[in-house]
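Q: Quick one, structure for this:
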Amino acid sequence: MSRAARAVVVAGLAGQLSAALVGALPWLLLPASMGLYVVAAMLSLRASDGRGKILRYVGSALVLVSAGVILATLQRPLDPLLLKGSLGLLLVAAQVGQAMSWRQSRDLGSGLVTALGLLVLGASYAPDVLVGLPLLVGWVAVLVALSHLHGSQPVVPVTAVAVVLGLVAFLLVPVPVAAGVRSRLAPAPPREALGARIFSGDVLDLRLRGRLGTDTVASVPADAPVLWRSASFDHYDGASWARPQSTVLSGGPPYDVAPVVGPTREDRVTLLGSSDGTVWSPGRLTTVSAGAVRIPLVNEFGDVLLPGLRGGYTVTSDVEVTDPGRLRGRQGADITERRWREVPADLPDRVGALARQITAGATSRYDAAEAIAQWLRENATYRLDSPVPRRGEDAVDRFLFVDRTGFCEQFASAEAVLLRTLGIPARLVTGLAYGKPVGERRVFRVADLHAWVELWVPGVGWVSSDPTAGVPLAAGSASGSSLRQRLATAVSAGLTGLTRVPGGRTSLALGLLVLTAVAGQVLSRRPPARRTRKSVAGLNGGPALQAFLRLDARLGGRSRRPGESLRELSARLDPAVAAALGVVERECYAPSRPDPTEAVAVLDRYVPGP
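A: Below is the predicted model:
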């Protein structure tokens with residue numbers, strides 16, 4: 001296998017690994033796809049003409065069949081969340097099929113195209129920094145392959161300069177973590193994957209998956225409640241939750257968000273990272289004071305967003321009732337809005353049947369919620385990479401009766417929907433939960449972003465219920481303590497540490513350029529290494545080419561014209577020599593040399609006609 005072919009194979013393998021890291025290629029399929037790719041490349045490059053044609057037909061059939069099967073399984077309209085896996089499988093099938101048709105150096109270009117396609121796919125859906133490792137290897141391999149295919153000799157210097165320039169561009173044009181890098185292929189990715197879902201927006205899609213980061217978000221008093229809410233969701237459509245759009249209120253700080261109806265508490269929240277203006281509170285928010293912030297965005301549920309929020313704020317909120325005696329009471333007005341009891345019209349009947357079965361012995365709404373939360377803890381497991389529901393499939397129904405594994409959003413959605421089927425008003429809320437006590441403060445990280453349930457208790461109001469608390473981890477789950485999570489955190493910390501030099505990222509980039517220039521000057525003054533003499537075949541061509549040159553001398557006026565290809569020449573000669581001229585072409589340009597014996601005999605025996 002030539003150097004160019006080896007570089008293309010490495011680029012293709014790096015592309016497959018990057019696709020697996022982003023979930024576009026199943027991990028169980030990765031060893032088989034890598035093995036097939038390497039074997040197909042080796043067989044095609046070493047095959048004779050007859051076997052080469054068979055491999056080419058097999059490869060073309062593989063690509064066509066795979067494309068047909070994958071396209072037939074795609075649903076209409078296309079679901080971007082499922083499109084990723086289909087693209088990965090299609091590109092790998094095309095990659096293996098193309099590898100079966102590698103006969104000449106120019107055929108390697110198709111291998112580079114599919115390798116680049118997989119690398120772009122990995123970059124588009126990259127959830128963390130680990131995907132950058134195979135992307136870097138693949139990029140270098142692509143540069144090496146292109147250099148060999150185009151006959152460029154200084155492969156190492158060109159590649160080194162390209163890598164250095166890429167690093168300099170990365171250092172000089174940083175992208176803040178909070179901003180994230182949105183894929184143009186993926187739909188609104190889960191902002192957990194970007195490490196910054198602080199204000200969850202107006203829609204919470206239960207089909208999205210992501211990984212939580214370890215960046216700090218905020219700190220609150222250590223004696224404060226462990227659940228800090230930020231957003232309420234009322235409408236469930238089977239795939240996602242939605243909430244009302246925000247409205248603008250005028251006035252200055254402190255902002256009165258809701259009337260005081262009972263005991264309240266005041267807490268000072270310190271922001272420890274970048275903020276999108278989300279305001280968290282340990283209960284129903286009544287007032288918030290944030291200095292010079294001028295225009296709060298508040299929706300009808302009292303969820304608050306303060307654009308331009310910096311440093312922190314002081315929040316006053318209701319003290320939530322936790323006494324089981326009061327929560328089991330039936331005194332007081334009930335909530336009458338239908339929105340809190342609505343479920344999708346096509347929700348399977350078995351969901352309601354399960355809710356009635358779980359709560360058969362419950363005598364109050366509080367007891368019903370406790371029974372459902374306990375059933376979920378005992379019958380489901382926690383994992384961030386849980387299966388994604390198919391298009392048109394109810395997410396809660398699948399969670400309860402098919403997968404029985406998910407993360408906080410699945411658990412909270414299941415409890416809320418189960419309660420609603422019983423006629424109990426319930427809603428899903430998001431915010432920060434639990435955190436870690438540090439001295440007199442409780443510190444929340446991105447990993448502490450959470451979803452739970454609030455149910456309406458007459459005479460009390462909205463009461464929190466967290467069904468995810470205490471749920472066991474699923475075997476092999478991509479939890480915050482997974483090997484991948486630890487590796488990604490370590491690599492991110494290392495990259496961050498590199499930028500903490502005197503002068504910051506700019507000085508590091510300039511130093512890298514200076515070091516590269518000095519190294520280039522030193523290497524340019526070294527005498528070139530003495531090259532060993534190649535074989536006669538390497539300098540003057542192989543046996544088939546020598547036989548063709550002898551034939552060309554005998555052709556006289558019919559000899560090869562300037563700029564004429566061997567295929568064009570064979571069209572002017574006897575068809576009997578066409579196959580032999582094909583061997584000459586492969587001997588000159590193919591990554592591996594063919595057997596020239598028969599071709600030499602044909603060319604030496606050929607007698608030119610008049």
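Q: now for the helix or strand hosting Glu370, which elements pack on it?
A: For Glu370, the element it lies in under DSSP states H and E is helix 365-379. Other elements packing on helix 365-379 under the criterion 3 or more Cβ pairs under 8 Å, 6 or more residues apart in numbering; DSSP states H and E are helix 349-358, helix 408-421, strand 449-457, strand 461-465. All C-beta spots, glycine's among them, are computed from the backbone N, C-alpha and C.
Q: Would you agree Phe233 is in contact with Pro244?
A: No: because the distance of 9.6 Å does not satisfy Cβ atoms under 8 Å, Phe233 is recorded as not touching Pro244.
Q: Who has more neighbours out of those two?
A: Phe233 (24 against 15; other Cβ atoms under 10 Å).
Q: Not counting sequence-adjacent ones, nearest residue to the more buried one?
A: Here the nearest residue to Phe233 in space, its sequence neighbours aside, is Trp241; by Cβ to Cβ, 6 or more residues apart in numbering that works out to 3.7 Å.
Q: Now do the buried residues in the one helix or strand the one you found maps to.
A: Assigned by DSSP H and E, Trp241 belongs to strand 240-242. The neighbour-count check on strand 240-242 (16 or more other Cβ atoms under 10 Å) flags 240-241 as buried.
Q: Sketch out the helices for the stretch 101-250 of the chain, chain order is fine.
A: Secondary structure of the stretch 101-250 of the chain, counting by DSSP state H, counting those that start in this stretch: helices at 108-124, 132-149, 155-172.
Q: and Val38, how many neighbours?
A: Applying the criterion other Cβ under 10 Å, we find 16 residues in the vicinity of Val38.
Q: ditto for Asp276
A: When neighbours are counted by other Cβ under 10 Å, Asp276 registers 15.
Q: My reading is that Thr286 is in a strand; is that accurate?
A: Yes: in this structure, Thr286 lies within a strand as judged by DSSP: H, G, I helix; E, B strand; the rest coil.
Q: Any figure for the gap between it and Thr322?
A: When Cβ to Cβ, to the nearest Å is the yardstick, Thr286 and Thr322 sit 19 Å from each other.
Q: before we move on, what about Ala115?
A: Here the distance between Ala115 and Thr322 works out to 58 Å (Cβ to Cβ).
Q: Those two - which one has more neighbours?
A: When neighbours are counted by other Cβ under 10 Å, Ala115 and Thr322 differ, and Ala115 comes out ahead with 28 against 10.
Q: now that one: how far from Val58?
A: Spatial separation of Ala115 from Val58 under the definition Cβ to Cβ is 21 Å.
Q: Show the low-confidence segments of the stretch 51-200 of the chain, by residue range.
A: Across the stretch 51-200 of the chain, residues meeting the criterion (pLDDT under 70) sit at 52, 70-83, 104-106, 126-129, 150-200.
Q: 50 instead, please
A: When residues are selected by pLDDT under 50, those of the stretch 51-200 of the chain lie in 76, 78, 153, 174-200.
Q: The closest residue to Val217 other than its chain neighbours: which element?
A: Nearest in space to Val217, with sequence neighbours left out and distances taken as Cβ to Cβ, 6+ apart, is Phe444 at 4.9 Å. Secondary structure assignment for Phe444, by DSSP H and E: strand 441-445.
Q: Okay, angle between that strand and strand 449-457 too, please.
A: Strand 441-445 and strand 449-457 meet at an angle of 110 degrees, taking axes from the mean of the first three to the mean of the last three Cα atoms, to 10 degrees as the criterion.
Q: Who are the packing partners of strand 441-445?
A: Packed against strand 441-445, as judged by 3+ Cβ pairs under 8 Å, 6+ apart, are the following elements: strand 216-221, strand 436-438.
Q: among the ones you listed, which is the most enclosed?
A: A comparison of the helices and strands packed on strand 441-445 by mean neighbour count, using mean count of other Cβ atoms under 10 Å, puts strand 216-221 on top with a mean of 21.
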